[in-house]
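have a look at this prediction, sequence included:
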Amino acid sequence: MDGVNLLLIMGAGLLAAASPGPATLTIAGTSMQHGRRTGLALALGITAGSLTWSFAAAFGLGAIMLANSWVFGVIRYVGAAYLLYLAVRSARSALRPGATQLKTSSSPSLKTAFGKGLALHLTNPKAVLFFGSVYAIAIPPGTAPTVLLTVIAVVSLQSAIIFHGYALLFSSASAARIYLRLRRVFETVFAAAFATASWQIFTAKLG
């Protein structure tokens, strides 16, 4: 691990994973509305997406993608469209009358929740840019593949703990009761956050 600034990578990864954003908001909303198992499945999908981008950045695939701007263009538009879709769904939910209990029968399957989390993170072009810039600073050229794999494993484990921790936190009975009382407020906030993130990705200069 000589020359590899693991603390810098972990610190940056902690800020990226724990700070409020589309991933954490989706985990919170899904866990409160559909329960622990669904929230954990979604968190696992987001973790898998984070692992994918981390692997791509560590082994230089991010640089290759940046050299082909059309690839990032596709990811950007797909990501912006997906976030806009989530914003519309949240807005429609906010407009519905308040519910008195959670409808567990309408909860998505674990496979669907995992796919939603994976899609959410894979369509975020800022993720690979983030990992690419951090790895470029903290990992010297010529670092052995075994060291890169160790760094990826550490960062992925840290992300998994954070994302699954959010799922456990927001799937508690008290969180579910709060969600029921303030569901329309939560969904309005989610809609605004997803729409803002969609616009930011759509207008971002990635080249």
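Thanks, I have the structure now. Residues are numbered from 1 along each chain as shown.

which SS class is the residue nearest to G3 when sequence neighbours are not counted?
Residue nearest to G3 in three dimensions, not counting chain neighbours: P140, with 4.4 Å by Cβ to Cβ, 6 or more residues apart in numbering. Any C-beta I mention is one placed from the backbone N, CA and C, and that applies to glycine too. What DSSP: H, G, I helix; E, B strand; the rest coil gives for P140 is coil.

secondary structure class for G79?
helix.

number of nearby residues for the closest residue to it other than its chain neighbours?
Spatial nearest neighbour of G79, excluding adjacent residues (Cβ to Cβ, 6+ apart): T123 at 3.5 Å. By the measure other Cβ atoms under 10 Å, the count of residues near T123 is 21.

T123 against V78, yeah?
Yes: counting by Cβ atoms under 8 Å, T123 does reach V78; the two are 5.0 Å apart.

these two touch, right, T143 and L6?
No: assessed by Cβ under 8 Å, T143 is found out of contact with L6, at 11.4 Å.

look up phi and psi at the residue nearest to G3.
phi -70, psi 150 (degrees, to the nearest 10).

that one and R183, how far apart?
50 Å (Cβ to Cβ, to the nearest Å).

neighbour count for those two, which is higher?
R183 (20 against 12).

which SSE is S133 in?
For S133, the host element (DSSP states H and E) is helix 125-138.

what's stretch 90-97 in contact with?
G29, R183, R184, V185, E187, T188, F190, A191, F194 (Cβ atoms under 8 Å, 6 or more residues apart in numbering).

can you give me the helices in this protein?
6-18, 22-34, 36-58, 61-67, 69-95, 110-122, 125-138, 145-170, 173-181, 183-203 (DSSP state H).

hey, least reliable of these by pLDDT?
Here the lowest mean pLDDT among these goes to helix 61-67, at a mean of 65.

rewinding a little: what angle do the helix holding S133 and helix 6-18 make?
170 degrees (axes from the mean of the first three to the mean of the last three Cα atoms, to 10 degrees).

please name the residues that touch the residue positioned nearest the centre of the chain.
Nearest residue to the geometric centre of the chain (Cα atoms, centre = their mean): A23, 3.3 Å. Contacts for A23 (Cβ under 8 Å, 6+ apart) come out as A17, I46, G117, L120, H121, N124, F163.

what's around the first one, how many residues?
Which is A17. 22.
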